[in-house]
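Novice: Take this sequence and fold it.
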Amino acid sequence: MYKSPQYSHLVQLENGWTISHANDTFKPDVLSKSDIGMANKGDTIALTKTLEDYDVAPATIHFRSILSTIDVYLNGQLIYTFGHDYYEAGKMLPKVEHFVNLPDDYPGKELTILITATERNAFSGMSPITLGVMEDITRSMVQNGRLSLSIAVFLVMFGFMILVLSPILLQKGNHDLSIAFSGVISVLLGLYILCFNDLFWAFSDSPAFYTFLEYLSLFQLPASILLFLTFAGQIRGKRIPLILGIVNYGFAIVTAILHLTNLVHICNFVSTLHLIALVEGFYIIVSLLAAVYERRAHPDEFNTRNMSTNMLILGLVLFLGCAVTDIIKFNIQKYVSTGEVNTNINFLTVGGLLFIVCLVLNYFFHCIEYINASNMKQKLEGLAYTDVLTGISNRSKCELTLAELSGAYTIISVDLDYLKYTNDTYGHLTGDKLLSGFADILKGCFYDATLLGRMGGDEFIIILPFINEAKLEKELASFVNTMEQRSKTDSPIKYSASYGHASSNDDILGNNPTAQNVYLLADARMYKMKKTHHKQTLGRLYDDLLGKNPEEGGLDEH
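Specialist: All right, here's what the predicted structure looks like:
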């Protein structure tokens, strides 16, 4: 719809060719549909045609080669050559888009193209040959590949964005490595689409690099998908997909090393990879279906967990279906039909885009699932670590916090006065009100505490995340004043407490400033105050026997 105007028409040189391969010479009706069989290492295919006057100037011919050297002659004179330096150095010949400029007097001359295969099962079929102005040819190539180019560039950019964001997501979120591997998969898919469709020629003049990159990205895709599934936790067990993923990465690394050292070129392992991908794709689909069936047997656990798995299954089915279609089509065209040079991966391109979209949706559903699980965990921990009567942390939580405590902190040991007296005099219901009211006072006065806990009975603990004597004294003064005010309004309940504090840098602790020792020191100091308050308790009992109602709850200036 938006094609750029051309300077001149493009001519498809499909007719009038003579092809020589081995001992056979024939004239095909259509060059791109000619059956030349499989070209193996050392085989040379000669294409010969007398050029007509196509009214195109300056004229360029364009064609594609795979794993082959190229020599182009015009009336027996060499005008273009490619690949002999690679072959003599023992390197793999890359896939190349060839642009051969013709002289102005090309009409009537005989064009000969020699294509020599350099690998086993190097290629089959003949590439279409186009004649036209160089700029028109390159524009046409970009326009014909614009769908693949757009999707591939999006996948690469999106994958890099995910990889850049994944450390932040891992730190702030649920530590799920699957988001990082989804970024890796997106980048690999984008690179493979760019390389396979020869779109890198628009960005790079290094065909050997992007040919190797095509194989390398393809070889890493199965491993990345398996490790994504492992860390996403969408299938039963992690051992098998983790082992398979590591083995696949090992396969990609070994083949890359063999290629870079020129021992065995990486192109010789494509059929092996196709077989591995088909077997592992079947294993993945079966495992995911089994996981869905198992979860549906427990309807209470459905919610987002099945949604995330279903989204992943949808993406994998679409992607694997498209991939298998292109793999089958590639092998049929290479070994049976018109040749691999005419194949494309349009199914895989669209399937890759849909797969990444499904992966992103899977991640969002997985995050919702994680949030739900975290909330449930917090609720269960709240039940396990909360004192039912007071609503603050119970002894188990206090001991756990003390075991994990580090850095600079202050511990206050608090003992509530008159609990037994209140229970005996006014009943346990009033004693419970004394405990819950006292907990409310602690919450209001020590709002910045790391922990407010009830160790048991009338014993409480406060952990403050700082060492600041002046600030501590203000909070303790507020604590004492609040108890005095509440004692006046909550009659007959009277609030009074003994307390002692110690910090993690207290000199008395010496070389053993553990949280347990800090707490014991604070507890020892609390008992000194408790002795004074014990005397006041006896005075309170005497007042009650005489029918008096003292206004103060047994507090003293200390």
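Novice: Could you point out the longest helix of this structure?
Specialist: Criterion DSSP state H: the longest helix present in the chain is helix 346-385.
Novice: By mean pLDDT, point me to the weakest helix or strand of the chain.
Specialist: helix 303-335 (a mean of 72; mean pLDDT, DSSP states H and E).
Novice: helices or strands next to that helix in the packing?
Specialist: strand 123-124, helix 207-232, helix 270-296, helix 346-385 (3 or more C-beta pairs under 8 Å, 6 or more residues apart in numbering; DSSP states H and E). C-beta: built from backbone N, CA, C; applies to glycine.
Novice: do that again at 7 Å, thanks
Specialist: Packing contacts for helix 303-335, counted by 3 or more C-beta pairs under 7 Å, 6 or more residues apart in numbering; DSSP states H and E, involve helix 270-296, helix 346-385.
Novice: for the ones you listed, which one sits closest to Pro167?
Specialist: helix 346-385 (15.4 Å; C-beta to C-beta).
Novice: In that closest one, which of the residues would be classed as buried?
Specialist: Using 16 or more other C-beta atoms under 10 Å as the test for burial, helix 346-385 gives 346-353, 355-356, 358-363, 365-367, 369-370, 385.
Novice: and stretch 189-199, how far out from the chain's middle?
Specialist: 22 Å (C-alpha atoms, centre = their mean, to the nearest Å).
Novice: With stretch 112-121 instead?
Specialist: A distance of 42 Å separates the centroid of the chain from that of stretch 112-121, by C-alpha atoms, centre = their mean.
Novice: May I see the buried residues of it?
Specialist: Quick answer for stretch 112-121 (16+ other C-beta under 10 Å): 112-119, 121.
Novice: Residues touching it, excluding its own?
Specialist: Stretch 112-121 has contacts (C-beta atoms under 7 Å, 6 or more residues apart in numbering) with 38-48, 65, 67-73, 87, 93, 123, 265, 267-268.
Novice: Show me the residues you listed that map onto helices.
Specialist: Filtering the contacts of stretch 112-121 for helices - DSSP H - leaves Tyr87.
Novice: Please check the contacts of stretch 112-121 and keep the buried ones.
Specialist: Buried among those (16+ other C-beta under 10 Å): 38-39, 43, 45-48, 65, 67-73, 93, 123, 265, 267.
Novice: Tell me which of those residues fall in strands.
Specialist: Per DSSP state E, strands hold the following members of the buried ones among the contacts of stretch 112-121: 38-39, 45-48, 65, 68-73, 123.
Novice: For Asn101, give me its contacts.
Specialist: By C-beta under 7 Å, 6+ apart, the contact set of Asn101 is 58, 60.
Novice: can you check Met311 too?
Specialist: Met311 makes contact with 358, 361-362, 365, according to C-beta under 7 Å, 6+ apart.
Novice: Over to Leu348?
Specialist: So Leu348 contacts 322-323, 326 (C-beta under 7 Å, 6+ apart).
Novice: redo that, cut-off 10 Å
Specialist: Counting by C-beta atoms under 10 Å, 6 or more residues apart in numbering, Leu348 touches 148, 189, 192-193, 196, 319, 322-327, 329-330, 355.
Novice: circling back: quick one, which of the helices and strands packed on helix 303-335 is nearest to Ser224?
Specialist: helix 346-385 (11.0 Å).
Novice: re the thing from before, among the contacts of Leu348, the buried ones, what's the ChimeraX command?
Specialist: Buried residues within the contacts of Leu348, by 16+ other C-beta under 10 Å, are selected in ChimeraX with:
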select :148,189,192,193,196,319,322,323,324,326,327,329,330,355
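Novice: Which members of the ones in strands among the buried ones among the contacts of stretch 112-121 define the maximum pairwise distance?
Specialist: Comparing all pairs in these by C-beta to C-beta, the longest separation belongs to Met38 and Tyr73, at 24.9 Å.
Novice: Just give the closest residue to Leu416, not the sequence neighbours.
Specialist: Excluding the flanking residues, the one nearest Leu416 by C-beta to C-beta, 6 or more residues apart in numbering is Asp458, at 4.0 Å.
Novice: now swap in Tyr86 and tell me
Specialist: Tyr86's closest residue in space is Leu93 (C-beta to C-beta, 6+ apart), at 5.2 Å.
Novice: Look up the pLDDT of the one you found for me, please.
Specialist: Residue-level confidence at Leu93 comes out at 92, pLDDT.
Novice: remind me which residues of the stretch 251-400 of the chain are low pLDDT?
Specialist: 291-292, 294-306, 308-309, 334-342, 344, 366, 369-370, 373-374, 377-378, 380-383 (pLDDT under 70).
Novice: repeat that for 50
Specialist: 300-304 (pLDDT under 50).
Novice: where along the stretch 51-200 of the chain do the strands fall?
Specialist: Ranges of strands within the stretch 51-200 of the chain are 60-65, 68-74, 77-82, 96-101, 110-117, 123-124, 130-132, based on DSSP state E, counting those that start in this stretch.
Novice: Ok, which of those comes nearest Tyr499?
Specialist: From the strands of the stretch 51-200 of the chain, taking C-beta to C-beta, the stretch that ends up closest is strand 96-101, at 82.7 Å.
Novice: In the closest one, which residues are buried?
Specialist: Neighbour-count burial for strand 96-101, counted by 16+ other C-beta under 10 Å, picks out 96-98, 100.
Novice: about what we covered before: could you dump the ones in strands among the buried ones among the contacts of stretch 112-121 to JSON lines with pLDDT and distance to Leu509?
Specialist: Converted to JSON lines, those look like this (pLDDT from 0 to 100; distance: C-beta to C-beta, whole Å):
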{"residue": "Met38", "pLDDT": "84", "distance to Leu509": "82"}
{"residue": "Ala39", "pLDDT": "86", "distance to Leu509": "83"}
{"residue": "Ile45", "pLDDT": "93", "distance to Leu509": "87"}
{"residue": "Ala46", "pLDDT": "94", "distance to Leu509": "92"}
{"residue": "Leu47", "pLDDT": "94", "distance to Leu509": "90"}
{"residue": "Thr48", "pLDDT": "95", "distance to Leu509": "96"}
{"residue": "Ser65", "pLDDT": "91", "distance to Leu509": "79"}
{"residue": "Ser68", "pLDDT": "94", "distance to Leu509": "80"}
{"residue": "Thr69", "pLDDT": "96", "distance to Leu509": "81"}
{"residue": "Ile70", "pLDDT": "95", "distance to Leu509": "82"}
{"residue": "Asp71", "pLDDT": "96", "distance to Leu509": "87"}
{"residue": "Val72", "pLDDT": "96", "distance to Leu509": "87"}
{"residue": "Tyr73", "pLDDT": "96", "distance to Leu509": "92"}
{"residue": "Phe123", "pLDDT": "85", "distance to Leu509": "79"}
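Novice: Pick out whichever of those sits closest to Tyr527.
Specialist: Nearest to Tyr527 among these is Phe123, at 90.4 Å by C-beta to C-beta.
Novice: pretty sure that closest one is touching Val96, no?
Specialist: No: at 11.9 Å, Phe123 and Val96 do not qualify as touching, with contact defined as C-beta atoms under 10 Å.
Novice: Quick check: neighbours shared by those two?
Specialist: 64-68.
Novice: Thr422: what secondary structure?
Specialist: Assigned with DSSP: H, G, I helix; E, B strand; the rest coil, Thr422 falls in the helix class.
Novice: ok, it to Gly437 distance?
Specialist: Here the distance between Thr422 and Gly437 works out to 11 Å (C-beta to C-beta, to the nearest Å).
Novice: of the two, who's got more company?
Specialist: For the pair Thr422 and Gly437, the greater number of neighbours falls to Thr422 (22 against 16), based on other C-beta atoms under 10 Å.
Novice: re the thing from before, run the chain-centre distance for the least confident helix or strand of the chain.
Specialist: Chain-centre distance of helix 303-335: 19 Å, with C-alpha atoms, centre = their mean.
Novice: Then stretch 200-218?
Specialist: On C-alpha atoms, centre = their mean, the centre of stretch 200-218 falls 25 Å from that of its chain.
Novice: quick one: low-confidence parts of the stretch 451-558 of the chain?
Specialist: Residues of the stretch 451-558 of the chain that meet the cut-off, pLDDT under 50, sit at 545, 549-558.
Novice: Before I go, just wanted to say thanks for your time.
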